[in-house]
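**Student:** Everything below, folded, please.
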Amino acid sequence: MYLLLAAIVPSLIIIFYIYRKDRYEREPKRLILLNFFLGAIVSIIITTILYYAFNIVLPLANRMSVFQQFVKAFFVVALTEEFSKYVIVRYVAQNNKSFNEPFDGIVYALTVSMGFAATENILYVFEGGYQIALIRAFTAVPAHATFGILMGYFMGKAKFSKHKTILNLLGLLAAMLFHGAYDFFLFIDFVPGIWSGALASLVIGIVLSRKAIRHHQNNSHFKPL
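**Tutor:** A predicted model of the protein is given here:
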């Protein structure tokens with residue numbers, strides 16, 4: 001039970017933080033909960049199916065190959081996982097009438113990402129214990145949060161733009177690029193000290209996420225004049 005809490009609580013804390021940042025017109029809790037569970041279950045199922053397909057079509061067996069690890073990071077893991085989140089945000093959240101300002105893109109994409117991160121975290125923490133829970137609470141879970149915020153920033157703009165398709169795909173691309181960069185530096189751990197690249201990408205993602213949050217806060221349709 002305590003391991004389960006250790007795995008899930010970091011995601012819930014981040015959702016609560018973003019929920020509080022939605023200052024002017026907060027989203028229905030039931031819809032947030034729905035998107036969390038869709039991220040935790042449906043996006044995991046989509047990811048698993050796509051993983052199997054990639055492993056058949058594009059087997060990457062040499063973990064000492066920088067090129068293969070690059071392909072794995074960006075085009076297998078990042079694209080697969082972020083696409084599975086994107087589908088839910090695009091076809092469930094973005095079509096809902098409660099999605100009525102750009103900041104809502106951040107709220108829902110973050111919530112879906114935290115659902116995904118919670119399930120992923122459960123698998124890792126049940127295998128590795130409290131030490132893994134602590135490490136991932138300050139690395140992998142915040143990383144998934146930044147991927148979701150960056151995706152949601154563009155998808156929030158897309159809802160109210162005539163360039164909806166382009167902006168939606170920019171959101172997917174932004175999440176994929178940061179996810180791929182984060183994983184790539186971890187995958188090539190046979191290069192001494194290269195893991196610091198993952199830390200750098202996380203820090204940059206956090207900085208950009210904070211800017212994205214402030215931008216949509218300042219441009220809220222519901223901000224008092």
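
**Student:** so what's the nearest residue to Asn168 once chain neighbours are set aside up against?
**Tutor:** Of all residues beyond its chain neighbours, the one nearest Asn168 is Ala158 (4.5 Å), with distances taken as Cβ to Cβ, 6 or more residues apart in numbering. Bear in mind the C-beta positions are built from the backbone N, C-alpha and C, glycine included. Counting by Cβ atoms under 8 Å, 6 or more residues apart in numbering, Ala158 touches Gln94, Gly105, Lys164, Thr165, Ile166, Leu167, Asn168, Gly171.

**Student:** Output the helix or strand where the fourth one lies in PDB with nothing but the alpha carbons.
**Tutor:** If I follow you right, that is Thr165. Element membership for Thr165, per DSSP states H and E: helix 164-187. Only the C-alpha atoms of helix 164-187 are listed here, as PDB (Å, rounded to 0.1, in the frame of the first residue of the first chain):
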ATOM      1  CA  LYS A 164      -5.600  24.000 -35.300                       C
ATOM      2  CA  THR A 165      -4.000  21.000 -37.000                       C
ATOM      3  CA  ILE A 166      -0.500  22.600 -37.200                       C
ATOM      4  CA  LEU A 167      -0.600  23.800 -33.600                       C
ATOM      5  CA  ASN A 168      -1.800  20.400 -32.300                       C
ATOM      6  CA  LEU A 169       1.000  18.600 -34.200                       C
ATOM      7  CA  LEU A 170       3.500  21.200 -32.800                       C
ATOM      8  CA  GLY A 171       2.400  20.200 -29.400                       C
ATOM      9  CA  LEU A 172       3.000  16.500 -30.100                       C
ATOM     10  CA  LEU A 173       6.400  17.400 -31.600                       C
ATOM     11  CA  ALA A 174       7.500  19.500 -28.700                       C
ATOM     12  CA  ALA A 175       6.600  16.800 -26.200                       C
ATOM     13  CA  MET A 176       8.300  14.200 -28.400                       C
ATOM     14  CA  LEU A 177      11.500  16.200 -28.800                       C
ATOM     15  CA  PHE A 178      11.900  16.800 -25.000                       C
ATOM     16  CA  HIS A 179      11.000  13.300 -24.200                       C
ATOM     17  CA  GLY A 180      13.400  11.900 -26.800                       C
ATOM     18  CA  ALA A 181      16.300  14.100 -25.600                       C
ATOM     19  CA  TYR A 182      15.700  13.100 -21.900                       C
ATOM     20  CA  ASP A 183      15.600   9.400 -22.700                       C
ATOM     21  CA  PHE A 184      18.500   9.500 -25.200                       C
ATOM     22  CA  PHE A 185      21.000  10.700 -22.600                       C
ATOM     23  CA  LEU A 186      19.800   8.000 -20.200                       C
ATOM     24  CA  PHE A 187      19.900   5.300 -22.800                       C
END
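
**Student:** Taking helix 164-187 as reference, get the angle to the following helix or strand past it.
**Tutor:** Remark: after helix 164-187, the chain's next helix or strand is helix 196-218, criterion DSSP H and E. If you take axes from the mean of the first three to the mean of the last three Cα atoms, to 10 degrees, helix 196-218 sits at 150 degrees to helix 164-187.

**Student:** Show me what counts as buried in helix 196-218.
**Tutor:** Residues Gly197, Ala198, Ser201, Leu202, Gly205, Leu208, Ser209, Ala212, Ile213, His216, Gln217 are the ones in helix 196-218 that count as buried (16 or more other Cβ atoms under 10 Å).
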